[in-house]
Structures are given as C-alpha cells and as structure tokens.
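Visitor: Build me a structure from this.
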Amino acid sequence: MEVGRDPFNNPIYEEQEIEVEDVLVAPTSSDDVVNEMSLSGRKAVYTLAIPKGDMHDWEEKEVLFFGKRWKAFGIPLEGMDHLIPLKWNKKVMVERYE
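Guide: This is a model prediction of the structure:
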C-alpha cells in the first residue's frame, strides 16, 4: 500500500501481511534443490502449493510460516486450472530469510 512519496517523488510503500488460505508446504525435492543451486545459486528449502484462483504476486516476496520468515524466489510455476485435478495449480519455491 502506498503511504507517501520520497523527495524524488518515488512512491513509498508500507508492507502488509496477507493471509492466504489452503497453501500446502512441502520440503523441496533434492533434485529441485540441486537444479536451483546450479541455475540461480539459491537453495530452495520448501515448495509451496498455491490454490487455484490466487492472484497474489509471489515473486521475491517474504513469506511467513512455521514461525519463521522465508523468501519466495524464481518465477512461480503455474498449470492450467482445467488440466489439474486438485485445487492447487501453482508452485512457489522459498529459501530461508533472516
């Protein structure tokens, strides 16, 4: 949410905590960890499954779960809703933050 402007007239934003219901959290597979380390140098610890219809921006966002802070990275992988039988269609990788 924009809360003002800096001296150069750039927007200043205040972070807001948004709760997203029904997100699944699973340890990232060892293959995905190795691939991400090779491609980006970042270590994916968990993978989040995001429910269909979620329109939040997940790129480079801070995520809170298990009482800790995590950072989403990379481009979320998203499938076509009608081709995915369950209620989750987006995959987001997170690394430890702090």
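
Visitor: Can you find the helix or strand in this structure with the smallest mean pLDDT?
Guide: Of all the helices and strands that make up the chain, helix 30-40 has the lowest average by mean pLDDT, DSSP states H and E, namely a mean of 82.

Visitor: distance between it and the chain's centre?
Guide: Centroid separation between helix 30-40 and its chain, computed with Cα atoms, centre = their mean, to the nearest Å, is 17 Å.

Visitor: And stretch 60-69, by the same measure?
Guide: Put simply, stretch 60-69 sits 9 Å off its chain's centre (Cα atoms, centre = their mean).

Visitor: go on, stretch 19-36?
Guide: For stretch 19-36 - counting by Cα atoms, centre = their mean - the centre lies 9 Å from the chain centre.

Visitor: Tell me the helices and strands packed up against the least confident helix or strand of the chain.
Guide: The contact analysis (3 or more Cβ pairs under 8 Å, 6 or more residues apart in numbering; DSSP states H and E) places helix 30-40 against strand 68-78. Using the backbone N, CA and C atoms, a C-beta is placed for each residue, glycine as well.

Visitor: can you list contacts of the strand it packs on?
Guide: 36, 40, 42, 44-46, 48, 50, 58-64, 89-98 (Cβ atoms under 8 Å, 6 or more residues apart in numbering).

Visitor: switch to 10 Å and redo it
Guide: Where contact means Cβ atoms under 10 Å, 6 or more residues apart in numbering, the residues beyond strand 68-78 that reach it are 25, 36, 39-40, 42-48, 50, 52, 54, 56-64, 84, 89-98.

Visitor: So what are the sheet partners of that strand and their directions?
Guide: Using DSSP bridges, strand 68-78 pairs in its sheet with strand 62-65 (antiparallel), strand 88-96 (antiparallel).

Visitor: Take those and lay them out in CSV including mean neighbour count.
Guide: Shown next, in CSV, are those (neighbours: other Cβ atoms under 10 Å):
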stretch, mean neighbour count
strand 62-65, 14
strand 88-96, 19
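
Visitor: of all these, which lies closest to Glu14?
Guide: Set against Glu14 and scored by Cβ to Cβ, those come closest in strand 62-65, at 13.5 Å.

Visitor: Report the backbone C-alpha coordinates of the closest one in PDB.
Guide: Output of strand 62-65 as PDB, limited to C-alpha atoms (Å, rounded to 0.1, in the frame of the first residue of the first chain):
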ATOM      1  CA  GLU A  62       8.600 -12.500   2.100                       C
ATOM      2  CA  VAL A  63       6.500 -15.500   3.400                       C
ATOM      3  CA  LEU A  64       5.800 -16.400   7.000                       C
ATOM      4  CA  PHE A  65       5.100 -19.900   8.100                       C
END
